[in-house]
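# Let me see the structure of the following:
(one chain, ligands or ions: 3)
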Amino acid sequence: MAIDRRALIKSLAVGGTAVAAGVAPAMAAERKAAPPGAMGMLYDATLCIGCKTCVVACKQANDMPVESAANGGLWDAPTDLDSKTKNIIKLYRDGEQESFVKQQCMHCVDPGCAAACMLHSLHKDEVTGVVMYDPTYCVGCRYCMMACPFNVPKFEFEKAAPKIVKCELCRQRIKDAAVTGAGGFTRYPMGQGPACCEVCPREAVIYGRRDELLAEAKRRIAAWPGKYYKDRVYGEVDGGGTQVLYLAHVPFDKIGFPDLGTQPVPETAYAVQEGIYYKVPFLAPVGLFAVLGAVIYRNRRADSVGAAEKEDKR
Ligand code: SF4
Ligand code: SF4
Ligand code: SF4
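Numbers count the residues shown, from 1 in each chain. Ligands and ions are numbered 1, 2, ... in the order given. Predicted structure coming up:
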């Protein structure tokens, strides 16, 4: 859902008017559900062998540059999510207990990043529920980074016209033509799903409809009593639910997943917005929107100059 110019102006006008009038928007009272066609991933930490094939595949599928700072560019060895890495595998170890864990965007059912993004550069696809990024109107405010409880969105500090970087569930590869049933679980042809899922030699991470993935996770829990931590699927309800679901044999907080309760994530974002807009009187929003306009103009100009230069080189 890319926004058009009219939607942007409306958004700014509504925001500006409301703020100038000292009127706070309605708080996020409504509990949202994943759309019926919500897509996602299921990662089972008990199956992952830490081979990082998914990390390499993610880089290739998303045309991401290598991480060369720490190793002289000899090979690509990212150590965390950053502006060049949308997917990472980490190892948790405590005495005898250890587990690999895959980290990327969780595609929250009610995403804090999108709620914090006043220009809707980050937004949730209405059909698939994938949380997507449209850089056109991004002003680089980085509220999304503050609002994400999983520390996922990263910023291209190294670039003159920086953008936000995060997993978009390989949306460029996803096709509508999907499905061949297999064992009651929908499968997708090669090249039409997330690269990380396609290459995993252990099927530790699989792609599919969120409802089917959740059922699959519960099937595994029922099939192997005592194997999974508290017989729990992280993301079923956590933070209002996520479309990327996790099974693990170790406590989730040990492998980087905060205890969010069942409250939707955007409560954090509303707190941020409240602090910024409503505790500062009239002049602050006027200045803010003037700055936003200038940054949008700069970004769009940089894009058109880049496009013109590419055209000239042809
Ligand atoms: S809040 Fe974070 S994890 Fe959730 S959709 Fe946004 S970037 Fe992804
Ligand atoms: S879905 Fe695509 S972008 Fe996201 S982690 Fe997997 S390969 Fe990377
Ligand atoms: S490719 Fe599969 S097994 Fe290998 S690290 Fe990634 S999730 Fe784990």
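# Show me what H123 is bridged to.
Bridge pairing for H123 (DSSP bridges) gives the partners M132.
# I'd guessed it sits against T136; true?
No - under the contact definition of CB atoms under 8 Å, H123 does not touch T136, with a separation of 11.6 Å. Glycine gets a C-beta too; all of them are placed from N, C-alpha and C.
# which residues of the stretch 101-250 of the chain fall in helices?
Per DSSP state H, counting those that start in this stretch, the stretch 101-250 of the chain carries helices over the ranges 112-116, 143-147, 195-199, 210-223.
# For the longest one, which helices and strands make contact with it?
The helices and strands touching helix 210-223, judged by 3 or more CB pairs under 8 Å, 6 or more residues apart in numbering; DSSP states H and E, are strand 39-44, strand 185-187, strand 205-209, strand 244-247.
# Which stretch among these approaches F150 most closely?
strand 244-247 (9.5 Å; CB to CB).
# how deep is whichever residue of the stretch 201-314 of the chain sits closest to ligand 1 tucked in, by neighbour count?
Of all residues in the stretch 201-314 of the chain, V265 sits closest to ligand 1, at 5.5 Å by CB to the nearest ligand atom. Residues lying near V265 (other CB atoms under 10 Å) number 27.
# ok, now R232?
There are 17 residues near R232, going by other CB under 10 Å.
# Show the pLDDT at it.
pLDDT, R232: 98.
# Q243 now?
The predicted local confidence for Q243 is 98.
# what sits against it?
34, 38-41, 106-109, 129-130, 210, 235 (CB atoms under 8 Å, 6 or more residues apart in numbering).
# nearest to A77, of those?
Distance to A77 across those (CB to CB) is lowest for M41, with 23.2 Å.
# Ligand 1 contacts on the stretch 101-250 of the chain?
Selection of the stretch 101-250 of the chain residues close to ligand 1 by CB under 6 Å from any ligand atom yields 105-108, 111-113, 131, 148, 150, 152-153, 166.
# Quick one: name the residues of the protein near ligand 2.
When proximity is defined by CB under 6 Å from any ligand atom, the chain lies next to ligand 2 at 57-58, 61-62, 86-87, 104, 167, 169-170, 194-196.
# Out of these, the closest to V250 would be?
Q104 (19.0 Å).
# Check whether K124 really touches D134, as I assumed.
No - with contacts counted by CB under 8 Å, K124 stays clear of D134, the gap being 12.0 Å.
# more crowded one of those two?
K124 (25 against 16).
# residues touching the more buried one, list them.
P111, A114, V130, V131, M132.
# for C197, same thing?
M41, C54, V205, I206, Y207.
# circling back to that earlier point, for the contacts of Q243, give me TSV that also has distance to A77, pLDDT and neighbour count.
Converted to TSV, the contacts of Q243 look like this (distance: CB to CB, whole Å; pLDDT from 0 to 100; neighbours: other CB atoms under 10 Å):
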residue	distance to A77	pLDDT	neighbour count
A34	35	95	23
A38	33	94	22
M39	30	93	27
G40	28	95	28
M41	23	96	27
M106	24	98	27
H107	26	98	29
C108	29	98	31
V109	33	97	26
G129	32	95	25
V130	28	96	21
R210	32	96	27
G235	28	98	30
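# which of the helices and strands packed on helix 210-223 has the lowest average pLDDT?
Lowest mean pLDDT within those: strand 185-187, a mean of 68.
# so what's G50 closest to, chain neighbours aside?
F100 (4.2 Å; CB to CB, 6 or more residues apart in numbering).
# Out of the helices and strands packed on helix 210-223, flag the one nearest ligand 3.
strand 205-209 (4.6 Å).
# which strands and helices sit next to that closest one?
strand 39-44, strand 185-187, helix 195-199, helix 210-223.
# out of these, deepest packed?
Per residue and on average, the most neighbours among the helices and strands packed on strand 205-209 fall to strand 39-44, with a mean of 26 (mean count of other CB atoms under 10 Å).
# What strands line up against it, and which way round?
Sheet pairing of strand 39-44 (DSSP bridges) gives strand 205-209 (antiparallel), strand 244-247 (parallel).
# can you list the weak-confidence ranges in the stretch 151-300 of the chain?
The stretch 151-300 of the chain contains residues with pLDDT under 70 at 175-186, 267-300.
# OK, now which residue of it is nearest to ligand 3?
With CB to the nearest ligand atom as the measure, C200 is the residue of the stretch 151-300 of the chain nearest to ligand 3, at 3.2 Å.
# nearest spatial neighbour of that residue, skipping sequence neighbours?
Closest to C200 by CB to CB, 6+ apart is C54, at 5.6 Å.
# can you pull the pLDDT of that neighbour?
With respect to pLDDT, C54 has a value of 97.
# Assign it to helix, strand or coil.
helix (DSSP: H, G, I helix; E, B strand; the rest coil).
# Can you name the residues that contact it?
N87, I89, K102, A195, C196, C197, V199, C200, V205.
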